[in-house]
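**Student:** build me a structure from this.
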Amino acid sequence: MNAEMIRDALRRRYPSQECVLMFEVADGTGAHTKRHADAVMMNMWPSRGLAIEGFEIKVSMSDLKRELLNPEKAEAIAQHCDCWWIIVPEYLKVDVSTIPVGWGLMTVAGDLKITVARQAPRHDRASVLPKHFVAALLRAAQGAQVKLYSSAFEAAVNERVEARVADKLEYEKGRIERAAGGAARVAALLADSGIELDGWKASPEHAAAAIKAAMALQDSAPEIFKHLVAAEAHSRSAIGVMTSFLGATGQEAPQVPSYFLPDAERPKARRRAN
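**Tutor:** Here you go, the predicted structure:
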C-alpha cells in the first residue's frame, strides 16, 4: 500500500459534502513555512463543531519510527488542530502503546476501509486561527482545486486529440481503400489489354505516357474519323479530275485502285451465271 491509496481512504471517510480535505498543508506561507502535514481535514458542519483534524501518513515502519523519534515536529501544525492522527496500513501491526498519548491511530485495510485503533484526544486549540496558518490552508485548498481543474482540462484535451486522431485514421483508411480499388481497376484494365507489368520493357513513365495517349486518342477518335472521311472524298474527287485531264491530253493514267475512282468510272462487277 502506498501513500496515494491512504489518501483515497481518507477521501472516502471524509466526503466533500461535509468536509474539506487538504493534502501537503504547511504551517505557514513564504519564509514562515517550516513543517508540512500530510493531510488536514476541516468539518463544515457547525453541529460537528467545525472540527479540524491533522494526519501524518506512514507506509513503512522505518518512516513511522523516524516520526516517533521527534514527535515535537508535529506541533507546528498539530497546535492548530482539534486532534492529531497517525494513519498507517493495517499490515504494519503498529503497537498502539508506541504512539504518543496525545495522538490517535488509524489503520487502513486492503479495501481502503479505515479503522480507529485508538481515538485521538481533543486538544485545546486557540479559537481563532493565526493568519499565516489560514493562508496555508487556503493555498492547499486552491492547489487541490487547480489540480482538479487541470486534470479535467487535460482529460478533455486528450479526448479531443484522440477523437481527431481517430477521424484522421478513418480518413487515411478510406484513402488507402480507394487507392487499392483504383489499383485493382488499373490491374484489370492492363490484364484485359494484354499488358503485363512484370514483362513491360518500357519504363513506368513511358507506360503511363502510352496509357494517356490511348485515352486521348479515345476522346479524339470521332473528330479524326470525320477528317478521314473528308480526306477520302477529296482524294476521290482529285483522282477523277486528274484522270480526265490525262485522258484529254492523250496521256495514259496510271493504275489506280477502283476504290478511289469516281462511282461512274468504277468497273461494274460481273454477274455470276445461274
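
**Student:** which residues in the chain form strands?
**Tutor:** For the chain, the strands defined by DSSP state E cover 19-26, 36-43, 52-57, 83-89, 104-108, 114-118.

**Student:** kindly reformat these as a markdown table containing distance to residue 172.
**Tutor:** Any C-beta I mention is one placed from the backbone N, CA and C, and that applies to glycine too. Below are the strands of the chain laid out as a markdown table (distance: least, CB to CB, whole Å):
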| stretch | distance to residue 172 |
| --- | --- |
| strand 19-26 | 45 |
| strand 36-43 | 49 |
| strand 52-57 | 49 |
| strand 83-89 | 50 |
| strand 104-108 | 49 |
| strand 114-118 | 52 |
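
**Student:** mind checking which of those strands is nearest residue 242?
**Tutor:** strand 19-26 (112.3 Å; CB to CB).

**Student:** returning to what we had before: among the strands of the chain, which comes closest to residue 223?
**Tutor:** Among the strands of the chain, strand 19-26 sits nearest to residue 223 (CB to CB), with 84.9 Å.

**Student:** output that closest one as CSV, nothing but the C-alphas.
**Tutor:** Output in CSV follows, covering the C-alpha atoms of strand 19-26 (Å, rounded to 0.1, in the frame of the first residue of the first chain):
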residue,chain,number,x,y,z
CYS,A,19,-15.6,18.1,4.9
VAL,A,20,-12.8,19.9,3.2
LEU,A,21,-9.8,17.6,2.9
MET,A,22,-6.4,19.1,2.0
PHE,A,23,-3.1,17.4,1.4
GLU,A,24,0.5,18.7,2.0
VAL,A,25,-0.6,21.5,4.2
ALA,A,26,2.2,23.8,5.5
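
**Student:** so which residues make contact with it?
**Tutor:** Strand 19-26 is touched from outside by 7, 10-11, 14, 33, 35-44, 54, 77, 136-137, 139-141, 143-144, with contacts defined as CB atoms under 8 Å, 6 or more residues apart in numbering.

**Student:** return a PyMOL selection command for the buried portion of those residues.
**Tutor:** To isolate the buried subset of these in PyMOL, counting by 16 or more other CB atoms under 10 Å, use the following:
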select buried, resi 7+10+14+36+37+38+39+40+41+42+43+54+77+136+137+139+140+141
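
**Student:** re earlier: quick one: closest of the strands of the chain to residue 234.
**Tutor:** strand 19-26 (101.3 Å).

**Student:** redo the strands of the chain as CSV? Include distance to residue 215 and mean pLDDT.
**Tutor:** As requested, the strands of the chain are arranged in CSV below (distance: least, CB to CB, whole Å; pLDDT from 0 to 100):
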stretch, distance to residue 215, mean pLDDT
strand 19-26, 73, 87
strand 36-43, 78, 89
strand 52-57, 78, 93
strand 83-89, 78, 94
strand 104-108, 78, 95
strand 114-118, 80, 94
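
**Student:** of all the ones you listed, which lies closest to residue 161?
**Tutor:** So among the strands of the chain, strand 19-26 is nearest, using CB to CB, at 29.3 Å.

**Student:** dump the residue contacts of the nearest residue to residue 126 once chain neighbours are set aside.
**Tutor:** Distances taken as CB to CB, 6 or more residues apart in numbering put residue 80 closest to residue 126, at 7.6 Å, once the chain neighbours are dropped. Neighbour list for residue 80: 27, 52, 54, 125-126, 129-130, 133 [criterion: CB under 8 Å, 6+ apart].
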